[in-house]
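Asker: Show me how the following folds:
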Amino acid sequence: MQPVPLHSLSELERDSLQEIALFQLQEKHLVGNLSLTKDGPKGSKSIRQKLESFSKEKKDCSPQTFGIPLSQVIANDRAQRQLQEAVRSRRFCLEVEATVTRFRAQRQKKPPVGRSLGPCGGVPEEPLSPTFPGSSSWSQRRGAMSVDSITDLSDNTSKLLEALQLSHPHELDPRRSLGKKKMLSLNPVTWQVPRIVDRCCKHIETHGLQTEGIFRVGSSKKRVQQLREEFDQGLDVFLDEHQSVHDVAALLKEFLRDMPDPLIPRELYSAFLSTATMDLGSQLLTLQLLLFLLPPCHSATLHRILCFLGEVAQHAQGSRGPDGQQIPGNKMTVLNLATVFGPNILQKEKPGEKEVGANSFADSAAIILVLQRLIEHHQALFMVSADTQRDILRRLFQTDPDAIEHLLRRKFRSVPSTEHEGPSEEQSSAPLPGMPHSLGSSSSVSSQLYSNLSFLNLDVGL
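Answerer: The predicted structure is shown next:
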């Protein structure tokens with residue numbers, strides 16, 4: 001088993017990983033009575049509850065991007081993509097309907113048998129079947145709708161959007177789970193980075209890595225406001241070489257600053273800052289556990305920001321090109337970037353509260369140091385070690401044994417699958433102690449695989 005990226009874990013594994021990380025952090029007395037479940041300490045809400053309830057309170061607000069919860073920003077982006085897919089699907093099906101209509105008209109005009117109209121006394125050549133759009137258009141679509149099922153698009157657009165949906169984490173649409181027991185997916189969680197964050201980062205990575213003083217030089221407030229309004233209106237904004245790098249940089253900072261709940265939830269603010277006094281090894285281990293607690297949308301967006309800042313820092317110093325020409329540096333070191341972005345990512349107070357921006361000197365120094373570590377070690381911090389993966393499997397073996405086979409198959413793809421073959425003496429093996437009978441007999445996991453995974457019998461301590 002090898003280390004894997006955090007975002008490659010399934011929703012079920014991520015849920016278990018959060019419980020394990022919380023348990024270890026509580027042993028270190030870093031998070032107190034913080035709870036991930038709905039049955040937390042009396043009078044307190046868990047991180048999940050706070051984020052979900054905050055999203056519900058704001059779900060009907062008019063802005064599309066700025067000043068709303070991160071999960072809602074991603075949900076708005078997703079709805080916009082679905083609408084674009086619906087338009088493309090409608091256009092495609094109209095083409096199919098037109099083709100079928102033409103074909104029927106041609107068939108109705110076909111002369112009776114024995115009657116010749118052609119120059120040689122034969123029947124003119126006619127298509128034997130309607131001509132449909134090429135297969136390339138199908139490969140570009142996420143869902144296929146029949147002509148009959150799409151004819152009522154104008155009357156019931158929501159049904160089409162529902163049909164085009166892929167599976168997404170529950171937090172993107174809390175209304176789905178009302179009155180239903182939450183079922184965690186066995187597939188990797190959908191990558192959740194807001195469109196505005198990704199496009200701003202890509203623009204600066206393409207056009208601004210050699211721009212001196214990026215994020216520190218002033219921008220045009222008018223142009224930034226215009227871009228902000230376009231994103232808020234839900235427009236598909238494209239940032240090209242004609243956009244000022246400084247304007248795009250200011251837009252990204254404003255988005256992070258105006259988030260109602262920052263990328264690192266305020267419930268974890270003190271825990272993150274407490275790592276500033278630890279030695280480097282302990283600090284990195286603790287920061288990793290804290291990052292494991294973040295909801296997927298916060299985790300993925302923070303990871304994208306940190307990768308971007310790491311790329312900017314690599315171009316801080318000037319260099320020489322292959323032809324000996326001098327390439328200027330942007331002079332934004334990791335320290336400078338942490339100083340600029342720290343207060344936007346680690347916030348103690350909500351925007352608009354009187355103490356916002358009034359962090360003590362000690363807090364400000366700790367914020368900068370913590371963000372420095374996150375930028376410098378982001379690649380390792382967002383990886384899940386083999387030992388941690390074993391802990392996850394041990395816990396799931398106790399709580400969700402029916403999911404073990406699927407997860408093991410994905411992690412050990414070299415083991416041949418017998419999922420569609422009948423049972424045989426070689427394939428059927430006795431279950432591990434404590435393993436449900438269904439996984440021991442009817443399961444397709446081979447005895448060779450189980451023999452190499454005896455660690456599942458161990459107690460993870462949760």
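Asker: What score does F308 have for pLDDT?
Answerer: pLDDT for F308: 97.
Asker: so is Q347 in a helix, a strand, or just coil?
Answerer: Secondary structure assignment for Q347 (DSSP: H, G, I helix; E, B strand; the rest coil): coil.
Asker: Could you list the alpha-carbon positions for stretch 364-376 in PDB?
Answerer: These are the backbone C-alpha positions of stretch 364-376, laid out as PDB (Å, rounded to 0.1, in the frame of the first residue of the first chain):
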ATOM      1  CA  SER A 364      -0.300  37.700  13.400                       C
ATOM      2  CA  ALA A 365       3.100  36.100  13.700                       C
ATOM      3  CA  ALA A 366       1.600  32.700  14.300                       C
ATOM      4  CA  ILE A 367      -0.700  33.000  11.300                       C
ATOM      5  CA  ILE A 368       2.200  33.900   9.000                       C
ATOM      6  CA  LEU A 369       4.300  31.000  10.300                       C
ATOM      7  CA  VAL A 370       1.500  28.400  10.000                       C
ATOM      8  CA  LEU A 371       0.700  29.500   6.400                       C
ATOM      9  CA  GLN A 372       4.400  29.400   5.600                       C
ATOM     10  CA  ARG A 373       4.500  25.700   6.600                       C
ATOM     11  CA  LEU A 374       1.300  25.000   4.700                       C
ATOM     12  CA  ILE A 375       2.800  26.500   1.500                       C
ATOM     13  CA  GLU A 376       6.200  24.900   1.900                       C
END
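Asker: residues of it that come out buried?
Answerer: For stretch 364-376, the neighbour count (16 or more other Cβ atoms under 10 Å) marks A366, I367, I368, L369, V370, L371, Q372, R373, L374, I375, E376 as buried. All C-beta atoms are positioned from the backbone trio N, CA, C, and that covers glycine.
Asker: Which element, helix or strand, includes S299?
Answerer: helix 296-314 (DSSP states H and E).
Asker: Who are the packing partners of that helix?
Answerer: If you count contacts as 3 or more Cβ pairs under 8 Å, 6 or more residues apart in numbering; DSSP states H and E, helix 296-314 packs onto helix 70-108, helix 195-207, helix 334-345, helix 361-376, helix 378-381.
Asker: which other residues reach the very next helix or strand once past that helix?
Answerer: Downstream of helix 296-314, the next assigned helix or strand under DSSP H and E is strand 319-320. With contact meaning Cβ atoms under 8 Å, 6 or more residues apart in numbering, strand 319-320 is reached by Q326, I327, G329.
Asker: rerun at 7 Å
Answerer: Strand 319-320 is contacted by residues Q326, I327 when judged by Cβ atoms under 7 Å, 6 or more residues apart in numbering.
Asker: ranking the helices and strands packed on helix 296-314 by burial, who's on top?
Answerer: Across the helices and strands packed on helix 296-314, the average number of neighbours (mean count of other Cβ atoms under 10 Å) peaks for helix 334-345, which reaches a mean of 20.
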